[in-house]
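Visitor: Give me a 3D structure for the following:
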Amino acid sequence: MKQSQFEIRHQAYWQQFAHRLDLLERGKASAEEARAFPRDYRRLCQHLALAQERGYSSYLVDPLQHLVLRGHQQLYRHRSHLGAQLLAFVLAGFPRLVREQWPFVLAAGLLFFGSLLGTALLVYLFPDLVYSIMPGDQVAQMQGMYDPAAGHLGRDTERAASDNWVMFGYYIMHNIGIAFQTFASGLLFGLGSVFFLMFNGLLIGAIAGHLTRIGYGENFWSFVVGHGAFELSAIALAGAAGLQLGWALIAPGRLPRGEALRLAARKSVLMICGVMLFLLIAAFIEAYWSARTGPAPLSKYLVGAALWLLVGLYLFGAGRGRHAPE
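Guide: This is a model prediction of the structure:
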């Protein structure tokens with residue numbers, strides 16, 4: 001159905017819904033209108049979904065979205081709207097979005113984890129290769145951070161526990177910078193996201209392979225295994241969000257590129273919101289758990305395995321239930 005036909009067929013209903021919504025917002029609606037409102041709201045949501053699915057222009061979709069938003073606020077006016085939305089996104093919306101965007105998530109995961117594991121293996125087998133990927137002073141710095149004789153773990157110098165919050169802030173800013181760079185560079189027709197996914201994979205893989213080769217593997221792996229579940233997953237998901245932007249520019253379908261990019265950006269930005277949550281958790285674990293020298297490596301491996309399992313169950317299982325939060 002053409003957009004003009006769709007508008008002609010439903011325009012009167014939209015005007016009627018807007019009038020009833022005005023009455024409800026002013027508290028002047030009748031009891032019958034209030035009872036019928038949820039049914040009318042569902043019908044409006046169906047119209048919006050059809051308009052988006054058929055790729056109608058923003059001149060139609062945007063006013064419908066505004067009506068739906070006002071209707072949602074009216075429907076849940078006695079609830080904590082923002083808090084409920086955030087909770088629903090964390091519990092169900094984000095993992096559902098990840099599964100919905102599985103082609104981009106799969107591609108990003110292969111680029112990032114594939115380059116990471118492949119480089120780690122190559123550097124382990126050919127030790128001098130690390131100096132082709134990283135400058136010598138950076139290699140020496142990494143060795144100092146994970147030297148078993150250094151007395152500290154994952155940091156240049158020993159820090160007091162009271163400084164953990166400083167490192168927490170540093171990890172947040174550093175990791176968010178990497179994630180946003182990987183995401184935003186997707187606007188270069190996806191090539192930027194591909195580059196940064198592989199670049200970060202190469203860098204991390206080179207460090208992992210080199211430190212394992214020289215006998216610092218226990219310190220390194222026990223440090224990264226915990227927060228890595230959230231941090232590495234977040235980098236891959238940020239890349240997936242960037243690839244989605246790039247694909248909208250490469251293959252916009254019947255839509256103008258600007259319109260296709262605008263539609264893709266809605267889901268990509270939501271994906272980045274979930275990535276930020278993952279990075280916040282990763283920074284907390286890295287500052288307050290990963291850097292501790294007290295726990296035995298086996299304890300850290302067990303906690304790390306549990307966290308990887310938790311991330312996997314969350315991304316692939318959360319929000320599937322019939323009564324999961326919307």
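Visitor: Run the chain-centre distance for the longest helix anywhere in the chain.
Guide: Secondary structure of the chain read by DSSP state H shows that its longest helix is helix 217-250. Its chain's average C-alpha position is 9 Å from that of helix 217-250, according to C-alpha atoms, centre = their mean, to the nearest Å.
Visitor: just stretch 270-290 next, same as before
Guide: With C-alpha atoms, centre = their mean as the basis, stretch 270-290 stands 10 Å off its chain's centre.
Visitor: which residues are contacting that stretch?
Guide: 89-90, 93-94, 97-98, 101, 153-154, 164-165, 167-169, 171-172, 175-176, 179-180, 183, 223-224, 226-231, 233-234, 237-238, 240-241, 244, 300, 303, 307 (C-beta atoms under 8 Å, 6 or more residues apart in numbering). C-betas here are computed from N, CA, C, even on glycine.
Visitor: Also stretch 93-113?
Guide: Contact with stretch 93-113 is made by 193-194, 197-198, 200-201, 232, 235-237, 239-244, 247, 267, 270-271, 273-274, 277, 314-319, 325, as judged by C-beta under 8 Å, 6+ apart.
Visitor: quick one: buried residues of that stretch?
Guide: Neighbour counts over stretch 93-113 (16 or more other C-beta atoms under 10 Å) mark 93-98, 101, 104-105, 107-109, 111-113 as buried.
Visitor: From one end of that stretch to the other, what's the distance?
Guide: Stretch 93-113 has an end-to-end distance of 25 Å (criterion: C-alpha to C-alpha, to the nearest Å).
Visitor: And the pLDDT for residue 234?
Guide: Looking at residue 234, its pLDDT stands at 96.
Visitor: Residue 105: helix or strand, and which one exactly?
Guide: helix 102-125 (DSSP states H and E).
Visitor: Could you point out the helix or strand that follows that helix?
Guide: For helix 102-125, the following helix or strand on the C-terminal side (DSSP H and E) is helix 130-133.
Visitor: Quick one: mean pLDDT over that next one.
Guide: Across helix 130-133, pLDDT averages out at 92.
Visitor: Skip ahead from it and say which helix or strand is next.
Guide: Per DSSP H and E, the first helix or strand lying C-terminal to helix 130-133 is helix 136-146.
Visitor: what's the offset of that next one from the middle of its chain?
Guide: That offset, for helix 136-146, works out to 30 Å (C-alpha atoms, centre = their mean).
Visitor: mind listing what's buried in it?
Guide: Of the residues in helix 136-146, those buried by neighbour count under the rule 16+ other C-beta under 10 Å are 139, 142, 145, 146.
Visitor: a markdown table please, covering these and showing distance to residue 74.
Guide: Formatted as a markdown table, the buried residues of helix 136-146 follow (distance: C-beta to C-beta, whole Å):
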| residue | distance to residue 74 |
| --- | --- |
| 139 | 61 |
| 142 | 56 |
| 145 | 55 |
| 146 | 57 |
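Visitor: between those residues, which is closest to residue 260?
Guide: residue 142 (42.1 Å; C-beta to C-beta).
Visitor: Per-residue pLDDT of residue 121, please?
Guide: Confidence score, pLDDT, at residue 121: 97.
Visitor: Might one say that residue 213 is in contact with residue 121?
Guide: No: between residue 213 and residue 121 there is no contact under C-beta atoms under 8 Å: 10.7 Å.
Visitor: what residues are up against residue 246?
Guide: Here residue 246 is in contact with 186, 187, 188, 189, 190, 191, 192, 193 (criterion: C-beta under 8 Å, 6+ apart).
Visitor: nearest residue to the fifth one other than its sequence neighbours?
Guide: Which is residue 190. Spatially, and ignoring its direct neighbours in sequence, residue 190 is nearest to residue 246 (2.2 Å; C-beta to C-beta, 6 or more residues apart in numbering).
Visitor: if I look at that neighbour, how far off is residue 201?
Guide: Distance, residue 246 to residue 201, using C-beta to C-beta, to the nearest Å: 18 Å.
Visitor: do the same with residue 23
Guide: 57 Å.
Visitor: Which one's more surrounded, the two?
Guide: Just comparing residue 23 and residue 201: by other C-beta atoms under 10 Å the higher neighbour count belongs to residue 201, 25 against 14.
Visitor: How confident is the prediction for that one, by pLDDT?
Guide: The per-residue pLDDT reported for residue 201 equals 95.
Visitor: Starting from residue 311, give me the distance back to it.
Guide: Distance from residue 201 to residue 311, counting by C-beta to C-beta: 18 Å.
Visitor: circling back to that earlier point, are any of the contacts of residue 246 buried, and if so which?
Guide: Using 16+ other C-beta under 10 Å as the burial test, these include 186, 187, 190, 192, 193 as buried.
Visitor: Tell me who's in contact with the last one.
Guide: Residue 193 sits next to 108, 182, 183, 185, 186, 239, 242, 243, 245, 246 when contact means C-beta under 8 Å, 6+ apart.
Visitor: let's go with 7 Å and repeat that
Guide: With contacts defined as C-beta atoms under 7 Å, 6 or more residues apart in numbering, the neighbours of residue 193 are 182, 185, 186, 239, 242, 243, 246.
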